[in-house]
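J.: Quick check, what structure comes out for this input:
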Amino acid sequence: MYRLVDSHAHLEELEDLDAALERARQTGVIAIIAVGSDYESNVHVLEIAAKYPNLVYPALGLHPGSLNKDILSLGHDLRFVEDKMEDVVAIGEVGLDYDKRVVARAGKDRQKEAFRGVLTLAKRYNKPVIIHSRYAWRDSLTLAEGAGVGKAIFHWYTGPTNILKDILDGGYFVSATLAAEYHAEHRRAIKETPLQNLLLETDCPVVYRGHQAEPADVSRVLQAAAELKGLSPDTVAEATTENALRLFRLPGIK
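T.: This next block holds a predicted model:
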């Protein structure tokens, strides 16, 4: 059995969390980064992490798809995240999303304002940033670099190779999802990402080809990534787990 880390999971959205976490343990998952998307989910993430210490580790975020609030709400949400900096291992899920449906709810300028706010916190408190960058790959990278953020994970990357190269040259990470089994752009990105820059994630409970993901599915992500890279699952498991433990500085794991 491999020692695995699910570096990106929306645990508060799972219907039977206890059962899902037990299945994860049985498949070798030793840590899960539980990401928040807005104030309400951030509160739930902290509660879940407190209930499952040494397995679930919290990351607080402001997802670009959750920014359809007024400016006072944004300020309140940022203050909440900052107040909890000592309790979290990362900031996320945050970033930019230029899909037209998201932009219709939260314009690009508003998204950039929120992203700059959390990047400032990441720099100030030396926390990794878990970045959502759909159709906004270059802008996401430019803002992260401009803020002086040293540690970042580009979640579920499907963008161009030239931007991926710049992400990797900056020392940032890319996370493989179950889409590594079938999505051409994501598969290419995982193949081109060196092992020392790679993490595994499920993004649960997102649905992949009719299957609703859960943390135990990180073992499937491992198999897909190993196949793409022409390496043994043992090699990929050891490297990605060590990457995650070092990046997130996870306490309580030997």
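
J.: What pLDDT does the model give Leu74?
T.: At Leu74 the predicted local confidence, pLDDT, stands at 83.

J.: Offset the numbering so it begins at 740, please.
T.: Right, with 740 as the first residue, what we last looked at is Leu813.

J.: quick one: the helices in the stretch 740-889 of the chain?
T.: 756-765, 778-790, 810-822, 839-844, 847-864, 876-885 (DSSP state H, counting those that start in this stretch).

J.: Pull stretch 970-990 out as CSV, backbone CA atoms only.
T.: Listed next in CSV are the C-alpha coordinates belonging to stretch 970-990 (Å, rounded to 0.1, in the frame of the first residue of the first chain):
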residue,chain,number,x,y,z
LEU,A,970,7.5,5.5,-13.9
SER,A,971,6.5,3.0,-11.2
PRO,A,972,3.7,3.9,-8.9
ASP,A,973,6.1,3.4,-6.0
THR,A,974,8.4,6.1,-7.4
VAL,A,975,5.6,8.6,-8.0
ALA,A,976,3.9,7.9,-4.7
GLU,A,977,7.1,8.4,-2.7
ALA,A,978,8.0,11.6,-4.6
THR,A,979,4.6,13.3,-4.6
THR,A,980,4.0,12.5,-0.9
GLU,A,981,7.4,13.9,0.1
ASN,A,982,6.6,17.0,-2.0
ALA,A,983,3.3,17.5,-0.2
LEU,A,984,4.7,16.9,3.3
ARG,A,985,7.5,19.4,2.6
LEU,A,986,5.4,22.0,0.9
PHE,A,987,2.6,22.0,3.4
ARG,A,988,4.8,21.3,6.4
LEU,A,989,2.3,18.9,7.7
PRO,A,990,2.5,18.3,11.5
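
J.: Mean neighbour count and distance to Thr979 added to the helices of the stretch 740-889 of the chain, as JSON lines?
T.: Where you see a C-beta, it was placed from the backbone N, CA and C, and this is true even at glycine. Putting the helices of the stretch 740-889 of the chain into JSON lines (neighbours: other C-beta atoms under 10 Å; distance: least, C-beta to C-beta, whole Å) gives the following:
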{"stretch": "helix 756-765", "mean neighbour count": "16", "distance to Thr979": "15"}
{"stretch": "helix 778-790", "mean neighbour count": "18", "distance to Thr979": "21"}
{"stretch": "helix 810-822", "mean neighbour count": "15", "distance to Thr979": "27"}
{"stretch": "helix 839-844", "mean neighbour count": "13", "distance to Thr979": "29"}
{"stretch": "helix 847-864", "mean neighbour count": "18", "distance to Thr979": "22"}
{"stretch": "helix 876-885", "mean neighbour count": "19", "distance to Thr979": "21"}
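
J.: which stretch in those has the least confidence?
T.: Per-segment mean pLDDT for the helices of the stretch 740-889 of the chain reaches its minimum on helix 810-822, at a mean of 85.

J.: what does that one contact?
T.: Outside helix 810-822, the residues that touch it by C-beta atoms under 8 Å, 6 or more residues apart in numbering are 777-778, 781, 799-801, 806, 808, 830, 852-853, 856-857, 860, 864.

J.: same deal with stretch 844-864?
T.: For stretch 844-864, the surrounding residues in contact (C-beta under 8 Å, 6+ apart) are 800-801, 803-804, 806-807, 813, 817, 820-821, 824, 830, 833-837, 841-842, 866-868, 875, 878-879, 882-883, 886-888, 890-891.

J.: thinking again about what came up before, could you say which one of the helices of the stretch 740-889 of the chain comes nearest to Leu970?
T.: Checking the helices of the stretch 740-889 of the chain against Leu970 by C-beta to C-beta gives helix 756-765 as the closest, at 23.1 Å.
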